[in-house]
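In: let me see the structure of the following:
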Amino acid sequence: MMYRVLIIDDEDYVRDLLVRNIHSSDLDAEVVAVAGDGREGLKEALLKKPDIVITDIAMPFMNGLELIKEMQKAGLHSKNVVISGYDEFDYAKQAISLGVKDYLLKPFLPKELTDVLMKLLKELDSQKALQQNMSLLKEQAISREGLVREKALRALLKGKDCQTETDISLEGKYYAAGVMRLEGSAWDFSRQEQVEEFLMLVRNGYLLPDIFMFAVSFDGIQLAVIWCGGGENEESFLGNIGLSLEKINASLEKYYHFQLSCAVGRAYTSQFVLEHSYREAMAMWRGNLDGNRQILFYGEENGKKEEITSGQIREWKNQIRMSVRRGQEEDALKSLAGLMKCYASFSNKKNDYVSVSVGELVYAIQNDMEQEGYDRADTEPLSSMQDRITYGSLMDMKDMLDTYIRKCCLVVRDNSEETKADAVVKLIKLMIENDLQNMDMDLEWVAAKVHFSSSYVRQIFKQYVGESLGEYLIRKRMERAGKLLQETGLKIQEIAEECGYENQRYFASSFKKFYGCTPTEFKKAVEEEHLY
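Out: Numbering: from 1, shown residues only. Model (predicted):
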């Protein structure tokens, strides 16, 4: 790192001498500005914020010691060196009182300047190392504090006894826990520092005065949240949480274009039973399929529950698997909608069953794909979806399955016989277009190039193009021949060779069958047409 030096002296030759000496040295220092008087020097110092200031004492408008005072008032903490032609005790005494440790008397030798700068650079290096160490210690302390706080919150939500001392003050008349998600958020909730950053934002002006909020991420996407505070009763406490969440959501949508969704468990009078509230919130969260319901409270009705049998679930899952194996995306997604309605009709107490059932479906589709010869890496491994299955809502699982089914169907379609045949025909047409002069080109030659049997190539080419490969090849060669006869002065033998004919008589015979005249007659007609 190069340290910045500011030089202030009212004598031009002194400034030039200082600049030359510093630039010619091997020191990690560069002159970033020079000034001819104290006032100009102060402006440059405020602008450039130098690490080292070398200033003359006796200057017009503002002397060097006055300059150093003004810099210190402005909060600049540079290393200062004063130069003077006056070896007077009063100047030295004032300089010492301002923290100036180095004093150069005119005239000074280049070595004297170098020695002074080397000393200051060592001090700056030491200060820099100290600051870096202090910053690192501070970051480590903050990180440890965050980990301790995170550990305490997790313990409460899991119903474990935690004796860790933290700065969390969970003091309130009532307590509740919940789940929160920010759709479209840039926050990385896999890091507790990002969680704390989000909490700082919402605590300032969005939470009602008697509501306190803490959070920790369990899966890197959604937050597990704890609220505590007061209220006339549990209902009013939960109502205040709801109002706070509505304020937060309105602000996030307006200013950040994020959308908040949340589920809240029941209120309790002890923080040591928060695990119950969290379980209730998760039950609501995982059983929700209504994307319009952004804030859910445990106990709210989700509509009438229908009796669904395991046979109906199995039938929907089998239909999805059959549709995926055929690449029939639309049918698979219709069956998925039916399956999700079945899941949504269950009691919240069956959320664990839903998670197991969804996991089984993904696993079954993956096995089907592997049996068909597709690589699992072409779709998506079950492990990458496990967090959504374990912690996600029905909406999350529906979106996840929707994406997975579309991806699988796309792989099936891209590798279907029909798609494969279409790609082979396109390749053959491109080969013919680029290699018409190849006299060896025929059905067998083409089949060998695309690594398929000649019978397969003959069949698919006729099916997709509407003419045999031989007919297509002759047509393309004749079209090329006609174009060359019209646009070039090539001889007929040369044109024959350009179109893949070694024998000119055979070329002429093919040409007459295609155009109804010989190449010579065709060329003569073209020339006569140009005359008129």
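In: residues in contact with Lys398?
Out: Leu289, Leu336, Met340 (C-beta atoms under 8 Å, 6 or more residues apart in numbering). (Each C-beta comes from the backbone N, C-alpha and C, glycine too.)
In: select only the buried ones of those in ChimeraX?
Out: Those of the contacts of Lys398 that count as buried under 16 or more other C-beta atoms under 10 Å are selected in ChimeraX with:
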select :289,336,340
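In: just put the contacts of Lys398 in TSV and tack on distance to Gln463, secondary structure and pLDDT.
Out: Output for the contacts of Lys398, formatted as TSV (distance: C-beta to C-beta, whole Å; DSSP: H, G, I helix; E, B strand; the rest coil; pLDDT from 0 to 100):
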residue	distance to Gln463	secondary structure	pLDDT
Leu289	45	coil	70
Leu336	34	helix	91
Met340	40	helix	87
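In: which residue ranges of the chain form strands?
Out: 3-8, 29-35, 52-56, 79-84, 102-105, 174-183, 211-217, 223-229, 259-264, 295-297 (DSSP state E).
In: check the ones you listed for me: which has the lowest mean pLDDT.
Out: Comparing mean pLDDT across the strands of the chain, the weakest is strand 102-105, with a mean of 78.
In: list the buried residues in that one.
Out: For strand 102-105, by 16+ other C-beta under 10 Å, it's Asp102, Tyr103, Leu104.
In: tell me the contacts of the last one?
Out: Contacts were defined as C-beta under 8 Å, 6+ apart; by that measure Leu104 touches Ile54, Val81, Val82, Ile83, Ser84, Glu112, Leu113, Val116.
In: separation between it and Ile221?
Out: Distance from Leu104 to Ile221, counting by C-beta to C-beta, to the nearest Å: 63 Å.
In: show me where the stretch 351-500 of the chain has its helices.
Out: Ranges of helices within the stretch 351-500 of the chain are 351-371, 386-391, 394-414, 417-434, 443-450, 454-465, 469-487, 492-498, based on DSSP state H, counting those that start in this stretch.
In: quick one: the third one to strand 259-264, angle?
Out: To tie it back to what came earlier, the one meant is helix 394-414. Angle of helix 394-414 versus strand 259-264, following axes from the mean of the first three to the mean of the last three C-alpha atoms, to 10 degrees, is 130 degrees.
In: next, the buried residues of helix 394-414.
Out: Buried residues in helix 394-414 (16+ other C-beta under 10 Å): 394-398, 400-402, 404-405, 408-409, 411-412.
In: give me the residue ranges of the stretch 1-150 of the chain where confidence is low.
Out: 86-99, 101, 130, 133-149 (pLDDT under 70).
In: below-threshold pLDDT in the stretch 301-450 of the chain: ranges please.
Out: 301-307, 347-351, 376-384, 417-418.
In: hang on, the earlier thing: could the buried residues of strand 102-105 go into CSV alongside distance to Leu208?
Out: Formatted as CSV, those follow (distance: C-beta to C-beta, whole Å):
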residue, distance to Leu208
Asp102, 60
Tyr103, 63
Leu104, 65
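In: from the residues you listed, which is closest to Leu274?
Out: Asp102 (62.7 Å; C-beta to C-beta).
In: any idea how far His23 is from Val264?
Out: From His23 to Val264 the distance is 67 Å (C-beta to C-beta).
In: can you report how many residues lie near the residue lying closest to Leu339 once chain neighbours are set aside?
Out: In space, and not counting its chain neighbours, Leu339 is closest to Trp316: 3.9 Å by C-beta to C-beta, 6 or more residues apart in numbering. Applying other C-beta atoms under 10 Å, we find 22 other residues in the vicinity of Trp316.
In: surely Trp316 touches Ala337?
Out: No. Trp316 is beyond contact range of Ala337, at 9.2 Å (criterion: C-beta atoms under 8 Å).
In: coming back round to it: residue contacts, the residue nearest to Leu339?
Out: Trp316 neighbours (C-beta under 8 Å, 6+ apart): Ser335, Leu336, Gly338, Leu339, Cys342.
In: show me the contacts for the second one.
Out: The contact partners of Leu336, by C-beta under 8 Å, 6+ apart, come to Trp316, Ile320, Lys398, Leu401, Asp402, Ile405.
In: how about those in JSON lines, adding distance to Leu76?
Out: Formatted as JSON lines, these follow (distance: C-beta to C-beta, whole Å):
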{"residue": "Trp316", "distance to Leu76": "72"}
{"residue": "Ile320", "distance to Leu76": "70"}
{"residue": "Lys398", "distance to Leu76": "60"}
{"residue": "Leu401", "distance to Leu76": "62"}
{"residue": "Asp402", "distance to Leu76": "60"}
{"residue": "Ile405", "distance to Leu76": "64"}
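In: from the residues you listed, pick the one nearest Phe258.
Out: Of the contacts of Leu336, the one sitting nearest to Phe258 (C-beta to C-beta) turns out to be Lys398, at 20.8 Å.
In: pretty sure Asn80 is touching Pro50, no?
Out: No. The criterion here is C-beta under 8 Å, and Asn80 misses it with Pro50 at 9.8 Å.
In: count the residues that sit near Glu234.
Out: Quick note: Glu234 (other C-beta under 10 Å) scores 16 neighbours.
In: ok, which of the helices of the stretch 351-500 of the chain comes nearest Gly327?
Out: helix 394-414 (3.5 Å).
In: just the C-alphas of the closest one, formatted as CSV.
Out: In CSV, the C-alpha atoms belonging to helix 394-414 read as follows (Å, rounded to 0.1, in the frame of the first residue of the first chain):
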residue,chain,number,x,y,z
LEU,A,394,-48.1,-26.6,0.7
MET,A,395,-47.5,-23.6,-1.6
ASP,A,396,-43.8,-24.2,-1.4
MET,A,397,-44.2,-27.9,-2.2
LYS,A,398,-46.6,-27.2,-5.0
ASP,A,399,-44.1,-24.7,-6.6
MET,A,400,-41.2,-27.1,-6.1
LEU,A,401,-43.1,-30.1,-7.6
ASP,A,402,-44.4,-27.9,-10.5
THR,A,403,-40.8,-26.9,-11.4
TYR,A,404,-39.5,-30.5,-11.0
ILE,A,405,-42.3,-32.0,-13.1
ARG,A,406,-41.7,-29.4,-15.9
LYS,A,407,-38.0,-30.2,-15.8
CYS,A,408,-38.5,-33.9,-16.0
CYS,A,409,-41.1,-33.6,-18.9
LEU,A,410,-38.7,-31.4,-20.8
VAL,A,411,-35.9,-34.0,-20.5
VAL,A,412,-38.3,-36.7,-21.7
ARG,A,413,-39.4,-34.7,-24.7
ASP,A,414,-35.9,-33.6,-25.6
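In: what angle sits between that helix and helix 351-371?
Out: 10 degrees.
In: ok so, going back, tell me which of the helices of the stretch 351-500 of the chain sits nearest to Cys517.
Out: Comparing the helices of the stretch 351-500 of the chain by C-beta to C-beta, helix 469-487 comes nearest, at 10.6 Å.
In: now the angle between helix 454-465 and that closest one, please.
Out: Computed by the same axes, to 10 degrees, the angle between helix 469-487 and helix 454-465 is 60 degrees.
In: chain center to helix 469-487, what's the gap?
Out: Distance of helix 469-487 from its chain centroid, counting by C-alpha atoms, centre = their mean, to the nearest Å, is 52 Å.
In: how close does the closest residue to Glu197 other than its chain neighbours sit to Leu201?
Out: Nearest non-adjacent residue to Glu197, counting by C-beta to C-beta, 6+ apart: Trp187, 7.0 Å away. The gap separating Trp187 from Leu201 is 9 Å, by C-beta to C-beta.
In: re the thing from before, for His23 and Val264, indicate the residue with more neighbours.
Out: Val264 (27 against 11).
In: these two touch, right, the more buried one and Leu238?
Out: Yes. Using C-beta under 8 Å, Val264 makes contact with Leu238 at a distance of 6.6 Å.
In: need the residues touching each of those two.
Out: By C-beta under 8 Å, 6+ apart, the residues touching both Val264 and Leu238 are Ala176, Phe297.
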